[in-house]
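Undergrad: The following comprises the amino acid sequence and a computationally predicted model.
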Amino acid sequence: MQKTIIEQEKKYDILKNASGDLLFIIKARLTNEEKPVICYDGGDHAVFYRNKENTIVLDYINPNIRTNLENAFKVLIVEAQGSSIIREYFSEVKMLKELPAFNIELA
């Protein structure tokens, strides 16, 4: 049984097009995504479940896009290494009343 790795993504970008669709640019990971889901409660942070072994805390969601994220059903995720795009995919967005607390050390 593999241990879930929880990472804190401090540096990432969120872009919004004219229609309000969101694009998250995060650093590339070694493994592929599997049923990715972003969980959000409308506050400062979101939790991105990338796959069974990899969860990413997205710190400090910009207040200017919070409403767009609250109303999104899915967002585009781009994983980049430097200026190279490693992979891109859609992630479902689920709104929660409160984000879960973790008892696992951040990687």
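TA: Arrived safely, thanks for sending.
Undergrad: So, low pLDDT: which residues of this structure?
TA: Within the chain, the segments meeting pLDDT under 70 span 1-3, 102-107.
Undergrad: What segments of it are helices?
TA: Assigned by DSSP state H, the chain shows helices spanning 66-71.
Undergrad: Report the beta-bridge partners for the residue nearest the centre of it.
TA: What sits nearest the mean C-alpha location of the chain, by CA atoms, centre = their mean, is residue 48, with 3.8 Å. On the basis of DSSP bridges, residue 48 is bridged to residue 38, residue 56.
Undergrad: going forward, begin numbering at 568 instead of 1
TA: New numbering, starting at 568: the last item is residue 615.
Undergrad: mind listing what residue 589 touches?
TA: Listed by CB atoms under 8 Å, 6 or more residues apart in numbering, the contact set of residue 589 reads 581-583, 632, 635-636, 639, 642-643. Heads up, the C-betas are built off the backbone N, CA and C, glycines and all.
Undergrad: thinking the residue nearest to the centre of the chain is in contact with residue 626, fair?
TA: No. The criterion here is CB atoms under 8 Å, and residue 615 misses it with residue 626 at 11.1 Å.
Undergrad: Can you pull the residues that touch both of these two?
TA: Residues touching both residue 615 and residue 626 (CB under 8 Å, 6+ apart): residue 576.
Undergrad: Now go through the contacts of residue 589 and say which are in strands.
TA: Of the contacts of residue 589, the ones assigned to strands by DSSP state E are 581-583, 642-643.
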